[in-house]
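Enquirer: Okay, structure incoming, though there's no sequence with it:
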């Protein structure tokens, strides 16, 4: 039904096959897109292997640190010059240290770092990677995007509600959502749309860093009207934003969490 034949898509943030970004990349590839992924040094081997195994051309894949504007510019310019204007961009990048997220590692008998003591420098590094990088990528991509292009980012409900094991990362998600809103307004002239998917907990490598994630998944199974989600559910929703079906949708935060966000109290399994 969705035909993205010859569309150009760039996906930032694939770490391994558990990443939401990887499932989005697969959906884009299956819909006809020419998909390009970035990687960092410690994910290079996994990302290139996944591309090879799934028939995704790795010619333009590159090592890109989203904190480095020149690396982003080199990456996106090479794609533009080699493949053409960029139609779709997924921003699936996030990082927070243990001190930012305020959790203790399993098996460590020590109190979690305190929210009130979050180190400023570590919070700013997490903000740089997890939130400001969306603005940076869009700034670089602006002259390289196709008319009516679509940019999508991934957020989490901790931006609005308290999840103690997510702590400082919630600050970054709130900032990310605000950046998305202002970018949606900024791009009104070019027609580029900017949206966010607020995903429920998926057992990705990143989610594994959330303290109590398994307990939250257990709670979500019975509390969310439709139960827990998988990365493929997020990818299905992403494909709507990466198609002409969403051509008049921008500045939207789209929940894909089985309805967990509508509940005021947890429901215990009977």
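Expert: In hand now; what should we look at? In this text the structure is predicted, and so the values were computed from the model without any measurement. Numbering: from 1, shown residues only.
Enquirer: Can you tell me the SS state at residue 162?
Expert: Counting by DSSP: H, G, I helix; E, B strand; the rest coil, the backbone at residue 162 sits in coil.
Enquirer: Roughly how far does it sit from residue 170?
Expert: Note on residue 162: its distance to residue 170, by C-beta to C-beta, to the nearest Å, is 8 Å. C-beta here means a position set from N, CA and C on the backbone, and glycine is covered the same way.
Enquirer: which residues do the two both contact?
Expert: Residues touching both residue 162 and residue 170 (C-beta atoms under 8 Å, 6 or more residues apart in numbering): there are none.
Enquirer: neighbour-wise, which of those two wins?
Expert: residue 170 (22 against 9; other C-beta atoms under 10 Å).
Enquirer: what's the helix or strand for that one?
Expert: Using DSSP states H and E, residue 170 falls within helix 168-186.
Enquirer: Now do that helix: which elements does it pack against?
Expert: Here helix 168-186 touches helix 98-101, helix 120-127, helix 133-141, strand 145-155, strand 193-199, going by 3 or more C-beta pairs under 8 Å, 6 or more residues apart in numbering; DSSP states H and E.
Enquirer: switch to 6 Å and redo it
Expert: When contacts are defined as 3 or more C-beta pairs under 6 Å, 6 or more residues apart in numbering; DSSP states H and E, helix 168-186 packs onto helix 120-127, helix 133-141, strand 145-155, strand 193-199.
Enquirer: Comparing these, which stretch has the densest surroundings?
Expert: Ranked by average neighbour count under the criterion mean count of other C-beta atoms under 10 Å, the helices and strands packed on helix 168-186 are headed by strand 193-199 at a mean of 24.
Enquirer: how big is the angle separating that one from helix 133-141?
Expert: When axes from the mean of the first three to the mean of the last three C-alpha atoms, to 10 degrees is applied, the directions of strand 193-199 and helix 133-141 differ by 150 degrees.
Enquirer: can you redo the helices and strands packed on helix 168-186 as CSV with distance to residue 266 and mean pLDDT?
Expert: Output for those, formatted as CSV (distance: least, C-beta to C-beta, whole Å; pLDDT from 0 to 100):
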stretch, distance to residue 266, mean pLDDT
helix 120-127, 28, 97
helix 133-141, 31, 98
strand 145-155, 22, 97
strand 193-199, 18, 97
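Enquirer: just so I know, which of those lies nearest residue 11?
Expert: Proximity to residue 11 (C-beta to C-beta) singles out strand 145-155 among the helices and strands packed on helix 168-186, at 9.8 Å.
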